[in-house]
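Chemist: have a look; sequence and predicted model below, questions after that.
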Amino acid sequence: MKPLAPTPDPYAAPTAFLRHLYDVAVARALPSHTLAAALPLPPKGRTVVIGAGKAGAAMAQAVEAAWPADAPLSGLVVTRYGHTPAGVAHHPHRIHIVEAAHPVPDAAGVAAAQDILALCKGLQADDLVLCLISGGGSSLLSAPLPELSLANKQAINRALLASGASISEMNCVRKHLSRIKGGRLALACVPAPVVTLLISDVPGDDPAVIASGPTVPDPSTCAEAWAILQRYRIPVPEAVAQGLQSGRFETPKPNDPVFASHRVRLIATPQASLQAAADAARAAGLPAYVLSDAIEGESREVGKVHGAWARAIAQDKSTLTKPCVLISGGETTVTLRPSRPEQARGRGGRAGEFCLGLALALQGQGGVYALAADTDGIDGVEDNAGAIVTPDTLAQAHALGLSITDHLDGNDSYGFFQALNSLVITGPTFTNVNDFRAVLVV
């Protein structure tokens, strides 16, 4: 990432100011800034690096930069297609980087998971496993149980993504249908100790939820996974249903002695990034309020709530006074709604849908600007990180003949904000601390 530019004037250039806050938040979570201080000392034996996530390649790059040149180091890390920094992709390194699909797993992710499990065979007590985990690892590190084909796993993933299930619910199911998630990767490393370095992308920063916790104990149960599948009416093969109902697919629990020598270290969190953005806003002379780093719920509804807060402040009907910045994070959800027969399925992700809900609630309120974007640089599966809302958003849409409610009904935030030239496009950022939202009221 390029060095941060000076802070734009929030009054003269409000959207540039919001983009600066986003860049500050992302910079705070970059592995090159945070990882080295968390590294353990080299062991007597060899060090094997494994891991998965959207920040995986950048984390591996940071390890190689900080690890002693004369200390043995090897391994394999899997990241999302297109999320390998150029400096990593074009030079030989001790840690091999492979790419696979996200958010629905593919054969490359399955092969990578098998190769990682193979690397863990034959380890000794004097060796060290360094596991690099970041958001996205659940789909990138895919090793379905024998009862589940890759096609079955893909279908379940797609259904979960479309259901409105929370990230905790999705990962509970994933852990119980995997040979590598939910602490099972830690079992494969015995007797070597494991140090897991985490970049959190989940509300609460629970290591058991981040990338479905491959190297940490899993407190969730088969019964809970089965209940989630029933709640969202997601079909599974009969063998999978039986395995969950009987408890045969249970994961290792917190009291398992295999975890006694393991260590877990968080190197970047949503709260730290939101606080960095708030500090940057205060340095520019604006009061900044971090509402929460753990907001969940339907993206459009969260957007409407933020819009109500902002309107109240703008109209002097709040205990908060303008000018100020409201900052929040977390992981909202988008439940796909059936399109009308004449309406094609829309494009867009959580951040864009939040912006649609926000713009609808603001109703063109003067003095309110907002940016919502995913800190990994990709909103869903599109090429944008998110979108921007201004006081003119609805007027511009009306002039172009666009209906914001139609775009909400069709889950088409990308099409709406693309027409307004209001998409935030950054490319992959090589980190991931989830949603970033900033609402400026001047």
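Modeler: Everything's here; your move.
Chemist: distance of the residue nearest to residue 137 when sequence neighbours are not counted from residue 86?
Modeler: Closest residue to residue 137 apart from its sequence neighbours, by C-beta to C-beta, 6 or more residues apart in numbering: residue 211 at 2.7 Å. From N, CA and C alone the C-beta is placed, and that goes for glycine too. The gap separating residue 211 from residue 86 is 24 Å, by C-beta to C-beta, to the nearest Å.
Chemist: of these two, who's got more company?
Modeler: Legend: neighbour count by other C-beta atoms under 10 Å for residue 211 and residue 86, higher for residue 211 (32 against 7).
Chemist: surely the more buried one is in a helix?
Modeler: Yes. Assignment of residue 211 by DSSP: H, G, I helix; E, B strand; the rest coil places it within a helix.
Chemist: who are the contact partners of it?
Modeler: Shown in contact with residue 211 (C-beta atoms under 8 Å, 6 or more residues apart in numbering): 52-53, 133-138, 140-141, 171, 181.
Chemist: kindly reformat these as a markdown table containing pLDDT.
Modeler: Output for these, formatted as a markdown table (pLDDT from 0 to 100):
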| residue | pLDDT |
| --- | --- |
| 52 | 98 |
| 53 | 97 |
| 133 | 98 |
| 134 | 97 |
| 135 | 92 |
| 136 | 92 |
| 137 | 94 |
| 138 | 91 |
| 140 | 95 |
| 141 | 93 |
| 171 | 90 |
| 181 | 96 |
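Chemist: just the ones in helices from those residues, please.
Modeler: Secondary structure from DSSP state H places 137-138, 140, 171 of the contacts of residue 211 in helices.
Chemist: which one of those residues sits in the busiest neighbourhood?
Modeler: Greatest neighbour count in the ones in helices among the contacts of residue 211, by other C-beta under 10 Å, goes to residue 137: 35 neighbours.
Chemist: quick check, that residue in contact with residue 51.
Modeler: Yes. At 7.4 Å, residue 137 and residue 51 qualify as touching, with contact defined as C-beta atoms under 8 Å.
Chemist: the stretch 151-300 of the chain: strands as residue ranges?
Modeler: 194-199, 263-268, 288-295 (DSSP state E, counting those that start in this stretch).
Chemist: highest average neighbour count across these?
Modeler: The highest mean neighbour count among those, using mean count of other C-beta atoms under 10 Å, belongs to strand 194-199: a mean of 27.
Chemist: quick one, domains of this structure?
Modeler: Following the assignment in automatic domain parsing, the chain carries domains at 14-28+270-441, 32-143+178-217+252-268.
Chemist: and those domains: which comes nearest residue 152?
Modeler: domain 32-143+178-217+252-268 (11.0 Å; C-beta to C-beta).
Chemist: shaky segments in the stretch 251-400 of the chain?
Modeler: Applying pLDDT under 70 to the stretch 251-400 of the chain flags residues 338-345.
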